[in-house]
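Enquirer: Have a look; sequence and predicted model below, questions after that.
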Amino acid sequence: MAQDTERKDSTTHASKKVPLKVESSGVKGGVNRNAPMDDEAENRMKARKGALFLGVVVILYIAYLVISGQMIQFVEALANVDLGWVALAGVCFCGYFFFGVIAYAIAVYIDHDSPVGVRDLMSVEASGIFFGNLTPMMAGAVPSQIVRLTRTGLEVGEASATQFTRFIMFQFGVVLFAAIMLFAKLGFFFETYGDIVVLNLIVFGVHFLELTALFVICLCPNFVMKVGNALIAFLSDRGWLKNVDHWNDMVNVQVMEFSKAFMTAAQDLPSMGLTLIVTMAQLACFYMIPWFVLNAFGQKGDFLNCLAAGSMVQMVATAVPLPGGTGGTEGSFYMFYGTMFGTSINAGFLVWRIVTFFAPTILSVPLLGLRSRNRSMSIYERVQRIKRKLLGTDKTTKLTSGATFHPKKK
């Protein structure tokens, strides 16, 4: 009964920030309530396939080391690794996870009545890591995170709004960080890697166009819907497009929801700016990991050069349509860090891959089931209470045993 009451309370006090219409399954123009569960089942299937694929990749990688005669060199390099530096690399990834949770917390804080708690957000971030790592181009991250948010009591549309806002700010951070690194270190890239850097400029251009498309959807939804419907009709009339209802839903419902979510969040520019700063700190934690791995093998490298190379490696990896960016990750890492690691490049790649991919994927599994127990007070209310206590102005009346505090409806 307590659990049922908690669910009912969390649903009653779900976020009212984005008034998105959510209709029953099967109603044209509405959002399918069963969609999150369908997405989760599909994500799990993709994750299993991704895990099997990556297992085969690891076996092929070991076979390559044996056949090429590099296994002895590989083992010797691993034997001399400084585990202290590897541990610091692991701390960096923990920082990546921490800032990811903080970025979500800012989005939830804006909505004063949101039932989402800190443990919920840890589950959301872990879900993005797990399903993102095991699906091509991290396609499984967003749907899985929406599912986790709906389990806090948010409606599908409200969960999508929170996730879309976080998604677009993360993409903006990725492109901005890469642009800063390219501008600051373009001379270093051409001097060290030659004309092959043009490939990275192309990949950066693709990511920039994707970000531009997201902003067009957010700022000009009616134009996008008009063009989208015309394109669907054109392809459908010629029999080139299947599942027309799905694409109509994407254009007529999801585009507008995406736009409303962004426009609502954009009204609070300070919070959006803070989210961007936190996102940049999150990305910096991830991109600096190769520098720590480099030191673990006794190699010295320029910190900013490693940071810039890390941003380029990630941009290439996310552009490859295979789980874990397989192929692009290996190729770009060897290209940008090969001269830095020297003969330790194979072992260095393995340690870096363990810290940034294999270990986080495995360790995120126990976090997927995290749930915030007390949903009676929103994150906003908790922060305000902490502020009052620090300022000595807390006049909150103590609640009697068993009583439940509910945030006021706006």
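Expert: Happy to help now that I have it.
Enquirer: quick one, helices of the stretch 101-250 of the chain?
Expert: Assigned helices in the stretch 101-250 of the chain, in chain order: 118-133, 141-150, 156-193, 197-219, 221-237, 244-249 (criterion: DSSP state H, counting those that start in this stretch).
Enquirer: Quick check: mean pLDDT of the fifth one?
Expert: This means helix 221-237. Predicted confidence along helix 221-237 averages 88 (mean pLDDT).
Enquirer: Quick check: which of the helices of the stretch 101-250 of the chain is nearest to Val101?
Expert: Distance to Val101, taken as C-beta to C-beta, is lowest for helix 118-133 among the helices of the stretch 101-250 of the chain, at 5.0 Å. Heads up, the C-betas are built off the backbone N, CA and C, glycines and all.
Enquirer: Lowest average confidence across the helices of the stretch 101-250 of the chain, which one?
Expert: Ranked on mean pLDDT, the bottom entry among these is helix 244-249, at a mean of 80.
Enquirer: Against which helices or strands is it packed?
Expert: With contacts defined as 3 or more C-beta pairs under 8 Å, 6 or more residues apart in numbering; DSSP states H and E, the secondary structure elements packing on helix 244-249 are helix 221-237.
Enquirer: got the buried residues for the helix it packs on?
Expert: Taking 16 or more other C-beta atoms under 10 Å as the basis for neighbour counts, the residues of helix 221-237 that come out buried are Pro221, Val224, Met225, Gly228, Ile232.
Enquirer: For the fourth one, which non-adjacent residue is closest in space?
Expert: By that I understand Gly228. Once its chain neighbours are removed from consideration, Gly228 has its nearest residue in Val251; the separation is 3.7 Å (C-beta to C-beta, 6 or more residues apart in numbering).
Enquirer: Just give me the residue right at the centre of the chain.
Expert: Note on the chain: the residue nearest the mean C-alpha position is Gly128, at 5.4 Å, using C-alpha atoms, centre = their mean.
Enquirer: Correct me if wrong: the residue nearest to Gly228 contacts Val224.
Expert: Yes - with contacts defined as C-beta atoms under 8 Å, Val251 counts as touching Val224 at a distance of 7.5 Å.
Enquirer: distance of Arg166 from Arg148?
Expert: Taking C-beta to C-beta, to the nearest Å as the measure, Arg166 falls 12 Å from Arg148.
Enquirer: what sits against Thr343?
Expert: Gln73, Ala77 (C-beta atoms under 8 Å, 6 or more residues apart in numbering).
Enquirer: same deal with Ala266?
Expert: Going by C-beta under 8 Å, 6+ apart, Ala266 touches Met272.
Enquirer: So for it, what's the pLDDT?
Expert: Confidence score, pLDDT, at Ala266: 75.
Enquirer: that older thread, now the helices of the stretch 101-250 of the chain as TSV including distance to Ala265?
Expert: Written out in TSV, the entries for those read as follows (distance: least, C-beta to C-beta, whole Å):
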stretch	distance to Ala265
helix 118-133	16
helix 141-150	15
helix 156-193	4
helix 197-219	10
helix 221-237	15
helix 244-249	23
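Enquirer: Among those helices, which comes closest to Gly325?
Expert: Taking the helices of the stretch 101-250 of the chain one by one with C-beta to C-beta, helix 118-133 is closest: 9.2 Å.
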